[in-house]
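Visitor: Sequence first, predicted coordinates after that:
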Amino acid sequence: MGGYKKKKEYGNSQLALTWMKLKDNKFAFISFWLVIAVILVAIFAPLLAPYDYAAQDYNNIMVPLSLEHPFGTDQFGRDILSRIIYGTRYTIIIGFGTMTGSCIVGVFLGLLAAYYPKLDNPIMRFLDIFANIPDMALLMCLVTILGTNMKNLLICLILYYIPGFARISRAKVLTLRNEEFVEASIALGASDARILTKHILPNALSPLIVRFTMSTGGSILEAAALSFIGLGIQPPEPEWGLMISQGRQFLSTYWYYSIIPGLCIVFLTFILNFLGDGLRDALDPRLNY
Amino acid sequence: MRENELLSVEDLEVKFFLRKSTVEAVNGVSFTIDKGESVGLVGETGAGKTTTALSILGLVPNPPGKVTKGAIYLNGEDLLKTPEKEMRKIRGNDIAMIFQDPMTSLNPVMTVGDQIMEVVRLHNDMTKEQAMKRAVEMLELVGIPGERYAEFPHQFSGGMKQRVLIAISLACNPKLLIADEPTSALDVTIQAQVLDLIAGLKEKFNTSLLLITHDLGVVAETCDRVMIMYAGSIVESGPVRSVYKNMKHPYTVGLFNSLPRLDVETDRLEPIKGMMPDPTNLPAGCAFCERCPYATERCKTERPVLTEVEDGHFVACFNPMNKEG
């Protein structure tokens, strides 16, 4: 019977349509592959990095850009290129880890709030508490209370991004729960859990995917900012924000020390935003052509 | 309970409690449907047809709606007293419903085959392969090639979507099929096809049918019995032939007069004058008395009940008409 599952020449699935539309958007398409490339760099960092990120070499301190050290070395003689390459690991884990965590929790809360009117006010008003404190103030307080390490940084960022996901999914579910196909599946005897996971969530996916990619860049910036003021990743780990902070004191003479990790953050945030933008257009069925 | 009886609705009353007022949507409706019988429920918009159907399935939106009185028996079991968990097993399995708008009644991101398979697996203990086979069978039964199993709803036309919905609703061999204006959103040529399909499959599976519509022609074509509903009450009911030939209630007469007829030479149609009464403030007497040309003082103060005027033909009126149609 599996034969009925195979693709037909007349008609494409929504996924195929999305892919086709994403391909047409050059910026988004290039960004998509660049994001994949960055993820690969993070996975294969030990193979790609020419030096150990923590290896100190006091014979080569503050070497400028050269063939041997393409991005130079820092005040301990550590190769900046290798540190950048290893740094992608932190950045990717923080970016995607934060989004995955807050997406799961936020969507769950949003679904409950929208589908069970009695839970709506308690959940959403509680999340408003987090959403209404300025971002840096909230994150700094939370990190200081919990203590500065990678795990706590992730927890704080997840908490910070939950309300956004909850609001988006709630808004979408509120419109979907009155759709006739939801009513129809209730009339066919489907349970609440089934309706939520099989009928409502798949239809609410596109704004969530966009929010996911768009906010990944944001969370990387937040993490870099926290590391910059010393509340995020601690030295000697090669986090990009931390590297900017360490290079700050040498900025007038050794500009590349701060600027290169800064450019890396800008670059990654840019491609993630382009990808999110492209996905938003590609997932919107009204922009069909 | 008669031996052949499948569904029996007794004195059903549904109210919607709004902030300032109470909408009396259904007021003391009683009827029965026999096994294999087709019954038409006719009335204008807002007469309470859909609410009646939804209360059979236990799906009256609550809040604000509530069934305040009455009983609904399916094979002798009171559905209003059945717990929600049991109701879920009845919905789709014993009672299935076809909704009005096929365009929005299918999940746009799920293949039609999977949507049929879903209801099959909800109510039967089947493996995926068996359920898939059943879904393909159902598709072919409603005249859609089985190869289109893996296609999405947007790749189907309106009439085909309605066929898919019919396939979904009949996939578990329900005892009662409720069709809520199944043809209103379709164009006339497709309407006939879909009605034929419903009638044919109903014969084949020996399913009872409650057809909700505002189209008297559709009822004449498909149904054995007809019930005319007005402002939440049944005003006239009986075998289609008897009601159409010998209509007794002034509202029924008004409905027929507002249809164009080919055999009678007229320049103008005769619509029923006035509007439906405000459902939050129904008159004490007959709900139709303000629009009725034959209303008497008695009609304004006393509510008429259904009385049998000829075999199986009931009418709720103090001054039933004697018009040969």
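Guide: Arrived safely.
Visitor: so what pLDDT did the closest residue to chain A within the stretch 151-300 of chain B get?
Guide: Distance from chain A to each residue of the stretch 151-300 of chain B (Cβ to the nearest Cβ) is smallest for residue B:155, at 4.5 Å. To be clear about C-beta, it is placed using only N, CA and C from the backbone, and glycine gets the same treatment. pLDDT for residue B:155: 84.
Visitor: same deal with residue A:289?
Guide: For residue A:289, pLDDT reads 47.
Visitor: ok, residue B:160 - contacts?
Guide: residue B:144 (Cβ atoms under 8 Å, 6 or more residues apart in numbering or on different chains).
Visitor: show me what contacts residue B:186?
Guide: Residue B:186 neighbours (Cβ under 8 Å, 6+ apart): B:102, B:158, B:159, B:162, B:194.
Visitor: Sorry, slip of the keys, the one I care about is residue B:252.
Guide: Neighbouring residues of residue B:252 by Cβ under 8 Å, 6+ apart: B:228, B:235, B:236, B:243.
Visitor: okay if I get the residues you listed as a markdown table plus distance to chain A and neighbour count?
Guide: Formatted as a markdown table, these follow (distance: Cβ to the nearest Cβ, whole Å; neighbours: other Cβ atoms under 10 Å in any protein chain shown):
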| residue | distance to chain A | neighbour count |
| --- | --- | --- |
| B:228 | 25 | 25 |
| B:235 | 27 | 25 |
| B:236 | 28 | 27 |
| B:243 | 29 | 29 |
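Visitor: Sort out which one of the residues you listed lies nearest residue B:26 for me.
Guide: Among these, residue B:235 lies closest to residue B:26 (Cβ to Cβ), at 13.2 Å.
Visitor: wait, is the closest one part of a strand?
Guide: Yes. With DSSP: H, G, I helix; E, B strand; the rest coil as the criterion, residue B:235 is assigned to a strand.
Visitor: returning to what we had before: quick check: the gap between the residue of the stretch 151-300 of chain B closest to chain A and residue B:111.
Guide: Taking Cβ to Cβ, to the nearest Å as the measure, residue B:155 and residue B:111 are separated by 10 Å.
Visitor: what's the answer for residue A:33, then?
Guide: 30 Å.
Visitor: do the same with residue B:48
Guide: Distance from residue B:48 to residue B:111, counting by Cβ to Cβ: 36 Å.
Visitor: With neighbour numbers in mind, choose between those two.
Guide: residue B:48 (25 against 21; other Cβ atoms under 10 Å in any protein chain shown).
Visitor: where does the more buried one fall, phi/psi-wise?
Guide: Dihedral pair for residue B:48: phi 100, psi 20, per degrees, to the nearest 10.
Visitor: was I right about it contacting residue B:229?
Guide: Yes. Between residue B:48 and residue B:229 there is a contact under Cβ atoms under 8 Å: 6.1 Å.
Visitor: intersection of neighbour lists for these two?
Guide: Shared contacts of residue B:48 and residue B:229, defined by Cβ under 8 Å, 6+ apart, are found at residue B:29.
Visitor: Show me the shaky parts of the chain.
Guide: Picking chain A for this. A:1-14, A:285-289 (pLDDT under 70).
Visitor: wait, chain B
Guide: Scanning chain B for pLDDT under 70 picks out the ranges B:1, B:323-325.
Visitor: Point me to the helix or strand that includes residue B:11.
Guide: If you go by DSSP states H and E, residue B:11 is part of strand B:5-17.
Visitor: who does that strand touch, helix- and strand-wise?
Guide: Secondary-structure packing of strand B:5-17 (3 or more Cβ pairs under 8 Å, 6 or more residues apart in numbering or on different chains; DSSP states H and E): strand B:22-34, helix B:49-56, strand B:65-74, strand B:208-213.
Visitor: Of those, which is nearest residue B:313?
Guide: For those, distance to residue B:313 was read as Cβ to Cβ. The smallest value, 13.3 Å, belongs to strand B:22-34.
Visitor: Quick one: list the elements packing against the helix or strand that the closest one is followed by.
Guide: Where DSSP H and E defines the elements, the next helix or strand beyond strand B:22-34 is strand B:38-42. The elements that strand B:38-42 packs onto, with contact taken as 3+ Cβ pairs under 8 Å, 6+ apart, are helix B:49-56, strand B:208-213, helix B:216-222, strand B:225-230.
Visitor: what residue lies at the spatial centre of the chain?
Guide: Answering for chain A, as no chain was given. residue A:216 (2.2 Å; Cα atoms, centre = their mean).
Visitor: try again with chain B
Guide: The centre of chain B sits closest to residue B:212, judged by Cα atoms, centre = their mean, with a distance of 2.7 Å.
Visitor: Please name the bridge partners of that one.
Guide: Note on residue B:212: beta-bridge partners residue B:41, residue B:180, judged by DSSP bridges.
Visitor: That one reaches residue B:178, doesn't it?
Guide: Yes. Judged on Cβ under 8 Å, residue B:212 makes contact with residue B:178 at a distance of 7.1 Å.
Visitor: Out of the contacts of residue B:186, who's the most crowded?
Guide: residue B:162 (31 neighbours).
Visitor: What residues does residue 158 make contact with?
Guide: No chain in the question, so chain A it is. A:97, A:98, A:101, A:102, A:105.
Visitor: Chain B was what I was after
Guide: Residue B:158 touches B:102, B:103, B:185, B:186, B:187, B:190, counting by Cβ under 8 Å, 6+ apart.
Visitor: I'd like the residues you listed laid out as CSV, including secondary structure and distance to residue B:302.
Guide: Listed next are those as CSV, based on DSSP: H, G, I helix; E, B strand; the rest coil; distance: Cβ to Cβ, whole Å:
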residue, secondary structure, distance to residue B:302
B:102, coil, 44
B:103, coil, 45
B:185, coil, 40
B:186, coil, 42
B:187, coil, 45
B:190, helix, 46
